[in-house]
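Q: Dropping the sequence and predicted coords here.
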Amino acid sequence: MFGQTQNTERSIMQKPRKHPYHCQHKWTCKVKPRLNLWPNNWLQKKGKWYHFLKTFKSWTDSQKSCLIMKSHLLMIQDKAELDFIQSNIQDGIYFWIGLNITHPQKTWTWLDGTPLNLQLFQVLGQVEDNSCAVITNKDVFTEKCCNQSSWICQHDC
């Protein structure tokens, strides 16, 4: 039985095939990790789940919808997360994130109350009262919170 399995593996391994495997030894292959997909199109990366919703809502209504799904609007913590999010956005689509202007200081603040690290990214555009942030595949922009946009929910595991 063992000899048959080994021969089968050998013949499979000798056939030229396109696949995402990286073989380290003759008989052992490791599968490269892929993104996990949660039901309803949630993407998973490093202990967080992300849902890119292409329906249009105001910033406040988007956050309420995220809360119904036991999540919140996206809060970007580092450059790797920013790169991951932007790599999953199609050109020309804007998504609400969990960043808005607080009063009276007029500073960009995440939903959890932490200020935006301006070394991570700059929010482009004219800051006004009631400004929130949208992200594209290239930049982050200011937008009136009452306007409608697509949105990204985040669930922390």
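A: Sure, I can see it. Residues are numbered from 1 along each chain as shown.

Q: could you pull out the helices for the protein?
A: Counting by DSSP state H, one finds helices in the chain at the ranges 2-14, 59-68, 79-87.

Q: and the second one, how far out from the chain's middle?
A: Yep, that's helix 59-68 we're talking about. Its chain's C-alpha centre lies 17 Å from the corresponding centre of helix 59-68 when counted by CA atoms, centre = their mean, to the nearest Å.

Q: Kindly export it (C-alpha atoms) in PDB.
A: Once non-C-alpha atoms are left out, helix 59-68 reads as follows in PDB (Å, rounded to 0.1, in the frame of the first residue of the first chain):
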ATOM      1  CA  TRP A  59     -21.300  57.600   6.500                       C
ATOM      2  CA  THR A  60     -23.600  57.300   9.600                       C
ATOM      3  CA  ASP A  61     -26.000  54.800   7.900                       C
ATOM      4  CA  SER A  62     -22.900  52.800   6.700                       C
ATOM      5  CA  GLN A  63     -21.700  52.600  10.300                       C
ATOM      6  CA  LYS A  64     -25.100  51.600  11.600                       C
ATOM      7  CA  SER A  65     -25.200  48.800   8.900                       C
ATOM      8  CA  CYS A  66     -21.800  47.600  10.000                       C
ATOM      9  CA  LEU A  67     -23.000  47.500  13.600                       C
ATOM     10  CA  ILE A  68     -25.900  45.300  12.600                       C
END
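
Q: quick one: buried residues of that helix?
A: By neighbour count with 16 or more other CB atoms under 10 Å, helix 59-68 contains the buried residues 59, 61-63, 65-66. C-betas here are computed from N, CA, C, even on glycine.

Q: Which neighbouring elements make contact with the lengthiest strand in the chain?
A: Longest strand in the chain, counting residues (DSSP state E): strand 48-57. On a contact count with 3 or more CB pairs under 8 Å, 6 or more residues apart in numbering; DSSP states H and E, strand 48-57 meets strand 42-45, helix 59-68, strand 149-156.

Q: Kindly recompute the last result at 7 Å.
A: If contacts are counted by 3 or more CB pairs under 7 Å, 6 or more residues apart in numbering; DSSP states H and E, strand 48-57 sits against strand 42-45, strand 149-156.

Q: in the longest one, what counts as buried?
A: Yep, that's strand 149-156 we're talking about. For strand 149-156, the neighbour count (16+ other CB under 10 Å) marks 149-155 as buried.
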